[in-house]
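In: sequence first, then the predicted structure:
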Amino acid sequence: MQQSPGLHGTGSEITGLKTRYGALRQAAGLPGADPGMLLEAALAELDAAVAALTTAGATGADRGDGGTDASGASHAERRLLHAVFQQAPVPLFLLGGDGTVRRVNAAAGDLLGSGPGYATGKAFTAFIDLPSRPAAATHFAAAARKGETRQFRCALLTAAGAAEHVLAVHPVSTQGSAAHLVVAVTGAGAEPAGRRAAKPRAGQRAEPTLEVVQAMTRRLDLVMAATRLLLENITYSEPVALQRYARLLARELAAWVIVDVEDGQRLRRQHVSGPEDQRSEKLAHAVAAVDPVAGSGPYQVHESGSTLLIAHAEDTGALGDGPDGIPLLMLLGATSVLSVPLSDGEHAYGVLTLARWAGHPHFEIADVGLVEELGEQLALAIRVDRLFRYRVEIADALQTSLLPRQVRQIPGTEIAAAHVAATVAAEAGGDFYDVYPSRDGWGVAIGDVCGTGPDTAAVTAAARHAIRALAHLDPDPTAVLRGVNDIMLTEDFGGRFVTADAGHLSWRDGRLHLSLASAGHPGPVLLRPDGRTQVLSGGGLPLGIFPDAEPATQEVDLAAGDLLFLYTDGLTSACGPDQVQFEERLTDELAALAGEPAAVLVSRMRDVVLELCRGELRDHVSMLALRVGEPA
């Protein structure tokens, strides 16, 4: 059965009623909503419901044949009416039956801060603040339905931001055409036409005003502040950089800032910043918990690589929905959106989105260049951070491969070791240490290669394994270091040299005898159980420089309870803000740890040096502690 026109019209009216009812319920929960306006709108919807129910049983409705067009009106009269509309001192909008803007006069264009053609084709509600939109839609529907003028107050999104105005809505219709609405902006907030700033005539060059110069200066200051913030990111932490950057933009641009970063094949929400108050902080956490979905503005920007500017957001779902199904734009109270890709020209890392609430001017074309530049800066920072982290991972992997996974234990002793990587370097260091069996006893070695980088890692590996191999042939540490020197002079290691301590340990009459050879390396510290310390002789010449380099030697007997502490120069050269090096505190710190197990001593020495330099360690540190027990 074919539905009658009357029933079809009633169905459309009920559908519109449901849509406006749902919008009113959502608007009632938003901050800034006007209870009086919402109540008045609800009563109007009640009238609409009664009217729809009354006509629900009708089988048809009278419809005119369209009559004759106003062809009798003269061309001069139409030109006069057009001039009256365009030059009226009151802002006027002509809306179609669906609420779309058909025409805008000059005063209305000035009110919005754009040309009359900008608003044409957009829903008029896009120029109304979010909490007022549902009530305004209700008034428009009631005016069209009842054929009467309605007047109400709401917040319009003008060139200067949201401002309270009184809207007078009047339905007009002509024979043969659907009803239209004329919206006049009156009351408080409407600026008289005579006070509008004069625009330059065609061909006339506008002189820069003080406001323009100030705006350019603020933009330049923002770019410089953002650049400085990224350059000062000495920790190369991507999450920290994103957080600081977003907070800076939110404060300087008076907008919500949303940063989405690509993770695998999808976008992940990394950070959200807005106004600095407790409520906004909770709201930011809620928005940050929702990743961008396919079809949302940020998702489209990331896929297309193109900027998205929505000066007046008609679709409240432009950013997707929040945790409770309420559109994010409504949660944020935002009416203008600018979203740019995070790209360095080669790779796309994500999307930077700014959403501005109604209390500030909407985004314009002039804002696009600035935000795109800020987005490119952030993308470059992300690239540098990831490159740095990649190199750190390689350096850590190389350093780990150069050090024994587990320190070998010598019977009758307790041995512990630690390596602390430099916190302000991204290259593999040249530190190494080792404990290994040798003929008639055991060997210990610690050393450092002068230089950094992958080539240094190769020299480090060569020196460590050469010491271990040579010790199997001759246990004398002096002979071992001479052999390493010959190998380094034979090979081309790019001018790098090695400092090292090598020792041979063997039990003799209940004591552990140490034969120590040093090639330009700091001498170990012997710590007695009662806290007395003795710095053993270092000296000698580094390996890989002179053919006749002769290591310095020393013989020492270690009793039960004695502890031998070997280290690299990264420990003694560590310093704090006062530039006092740890070398001056080394023996005092060790003396305070007399009697402690080797593992405890190494751990506490690590904590002390990191505390001294406040976490900014400029050179790698390696430590090896051997505590003598009873003979095996």
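Out: Cool, the structure landed.

In: flag the shaky bits of the stretch 151-300 of the chain, pLDDT-wise.
Out: 173-178, 187-221, 230-236 (pLDDT under 70).

In: can you give me the helices for it?
Out: 210-231, 238-253, 278-288, 297-304 (DSSP state H, counting those that start in this stretch).

In: residue closest to the middle of the chain?
Out: Leu242 (2.2 Å; Cα atoms, centre = their mean).

In: returning to that earlier point: would JSON lines of the helices of the stretch 151-300 of the chain with distance to Ala421 be doable?
Out: All C-beta spots, glycine's among them, are computed from the backbone N, C-alpha and C. What follows is the helices of the stretch 151-300 of the chain, written out as JSON lines (distance: least, Cβ to Cβ, whole Å):
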{"stretch": "helix 210-231", "distance to Ala421": "24"}
{"stretch": "helix 238-253", "distance to Ala421": "19"}
{"stretch": "helix 278-288", "distance to Ala421": "32"}
{"stretch": "helix 297-304", "distance to Ala421": "35"}
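
In: tell me the contacts of the residue nearest to the centre of the chain?
Out: Neighbouring residues of Leu242 by Cβ atoms under 8 Å, 6 or more residues apart in numbering: 259, 261, 270-271, 378.

In: wait, Arg269 sits on Glu262?
Out: No - if you go by Cβ atoms under 8 Å, Arg269 and Glu262 don't touch, sitting 11.5 Å apart.

In: the two - which one has more neighbours?
Out: For Arg269 versus Glu262, neighbours defined as other Cβ atoms under 10 Å are more numerous around Arg269 (19 against 16).

In: need phi/psi at the closest residue to Val185 other than its chain neighbours.
Out: Closest residue in space to Val185, ignoring its immediate chain neighbours: Pro91 at 4.0 Å, by Cβ to Cβ, 6 or more residues apart in numbering. Pro91 adopts backbone torsions of phi -60, psi 130, taken as degrees, to the nearest 10.

In: now Ala594. Its backbone dihedrals?
Out: Residue torsions, per degrees, to the nearest 10, at Ala594 are phi -60, psi 140.

In: could you measure from the nearest residue to it once chain neighbours are set aside over to Ala599?
Out: Take Ala594 and drop its neighbours on the chain: the residue closest to it by Cβ to Cβ, 6+ apart is Gly531, 4.1 Å away. Distance from Gly531 to Ala599, counting by Cβ to Cβ, to the nearest Å: 19 Å.

In: residue ranges of the helices in the stretch 301-450 of the chain, please?
Out: Going by DSSP H, counting those that start in this stretch, the stretch 301-450 of the chain shows helices at 328-332, 365-402.

In: what about the closest residue to His285 other than its chain neighbours, how many neighbours?
Out: In this structure, His285 finds its nearest non-sequential neighbour in Val272, 7.7 Å apart by Cβ to Cβ, 6+ apart. By other Cβ under 10 Å, 27 other residues sit near Val272.

In: could you measure Val272 against Gln26, distance?
Out: From Val272 over to Gln26 (counting by Cβ to Cβ), the distance is 21 Å.

In: try Glu372
Out: From Glu372 to Gln26 the distance is 33 Å (Cβ to Cβ).

In: likewise Asp344?
Out: Taken as Cβ to Cβ, the span from Asp344 to Gln26 is 40 Å.

In: what does Arg269 give?
Out: Counting by Cβ to Cβ - Arg269 and Gln26 are separated by 22 Å.

In: also Glu164?
Out: Distance from Glu164 to Gln26, by Cβ to Cβ: 21 Å.

In: now do stretch 534-551: distance from first to last residue.
Out: With Cα to Cα, to the nearest Å as the measure, the ends of stretch 534-551 fall 20 Å from one another.

In: list the residues that contact Ile326.
Out: Ile326 neighbours (Cβ under 8 Å, 6+ apart): 26, 29.

In: before we move on, the earlier item: partners of the residue nearest to His285 in the sheet?
Out: Ile258 (DSSP bridges).

In: so it is in contact with Asp260, correct?
Out: No - in this structure, Val272 is not within contact of Asp260 by Cβ under 8 Å, at 9.7 Å.

In: so which residues of the stretch 501-632 of the chain form helices?
Out: Under DSSP H, counting those that start in this stretch, the stretch 501-632 of the chain gives helices at 569-572, 586-591, 598-612.

In: count of residues packed around Arg528?
Out: 16.

In: how about Ile310, nearest residue that isn't a chain neighbour?
Out: Val337 (4.3 Å).

In: and if you look at Ser336?
Out: Using Cβ to Cβ, 6+ apart and skipping residues adjacent in sequence, the residue nearest Ser336 is His362, 3.8 Å away.
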